[in-house]
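Trainee: generate coordinates for the sequence data below:
(one chain, ligands or ions: 2)
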Amino acid sequence: PKTIAGELGTSTERSYVMIKPDGTSRQIVGDIISRFERRGYMLVAMKTVVPSQELAKEHYIDLAKKPFYGGLVKYITNGTPVVAMVWQGKDVIRQGRRLVGATNPLEANPGSIRGDFCVSVGRNIIHASDSHESATKEIGLWFHEKELATEYRPIAWDMIMAD
Ligand code: GDP
Ligand code: MG
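Mentor: Ligands and ions are numbered 1, 2, ... in the order given. Reported below is the predicted structural model:
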């Protein structure tokens, strides 16, 4: 791909989505993936990773000054695999955030992933990039560019992505 997070507002836009250790442990990986597929998004990359301290710290570096940072890194590095994914399609960054729901599950609407599956902000099961800038950083942090399959098209792609 020309740029790792694609072009914002087009069908090449890409987001980094990650099922956190509690999501994997609770065996809701399939349900979560289904929601992105059903919406029409295209799976570009996916792998399990047991994150190192270094990787978890870098992923959340913008929160390094927050009081919960240490606990957050500990949660992500508890030894359970995360499911690291890249999804592609029109508005996937903003739509991904809506599918995921609010950070605090108390604010997450039923029907969203967090709104359906969790109650604690510190165990909110999933991550999704919040901007094109974050998506660029996060896709690059978790994947090599050669791991991204951006050239194929799902069968209903042109219908779903039509203007
Ligand atoms: P997100 O983009 O919706 O995931 O939220 P943020 O980027 O603000 O925070 C990243 C992650 O840090 C969240 O998903 C939570 O897992 C965790 N987090 C955020 N705020 C809090 C908090 O107040 N307490 C705790 N324990 N964790 C938090
Ligand atoms: Mg965030």
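
Trainee: just the strands in the protein please.
Mentor: Taking DSSP state E as the criterion, the chain contains strands spanning 14-19, 42-49, 82-88, 126-128.

Trainee: ranges for the helices of this protein?
Mentor: 21-25, 29-39, 53-59, 69-76, 92-100, 113-117, 132-142, 157-160 (DSSP state H).

Trainee: what comes into contact with the fifth one?
Mentor: Here helix 92-100 makes contact (Cβ atoms under 8 Å, 6 or more residues apart in numbering) with 5, 8, 13-15, 17, 35-36, 39, 41, 87, 89, 112-114, 126-132, 135. Where C-beta positions appear, they are placed from N, C-alpha and C, glycine not excepted.

Trainee: ok, the shortest one next?
Mentor: Residues from elsewhere that reach helix 157-160 (Cβ under 8 Å, 6+ apart): 11, 40, 42, 89, 154.

Trainee: hang on, the fourth one packs against residue 44?
Mentor: No: with contact taken as Cβ atoms under 8 Å, residue 89 and residue 44 are classed as non-touching, separated by 9.6 Å.

Trainee: any of the contacts of helix 92-100 buried? List them.
Mentor: Neighbour-count burial (16 or more other Cβ atoms under 10 Å) is assigned, among the contacts of helix 92-100, to 5, 8, 13-15, 17, 35-36, 41, 87, 89, 112-114, 126-130, 132, 135.

Trainee: can you list the residues of the chain near ligand 1?
Mentor: 63, 68, 71-72, 103, 121-122, 124, 127, 130 (Cβ under 6 Å from any ligand atom).

Trainee: circling back: mind putting the helices of the chain in CSV, mean pLDDT included?
Mentor: Conversion of the helices of the chain to CSV gives the following (pLDDT from 0 to 100):
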stretch, mean pLDDT
helix 21-25, 98
helix 29-39, 98
helix 53-59, 98
helix 69-76, 98
helix 92-100, 98
helix 113-117, 98
helix 132-142, 98
helix 157-160, 96
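
Trainee: any chance of these in TSV, with distance to residue 150 too?
Mentor: Conversion of the helices of the chain to TSV gives the following (distance: least, Cβ to Cβ, whole Å):
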stretch	distance to residue 150
helix 21-25	25
helix 29-39	16
helix 53-59	22
helix 69-76	27
helix 92-100	13
helix 113-117	24
helix 132-142	11
helix 157-160	12
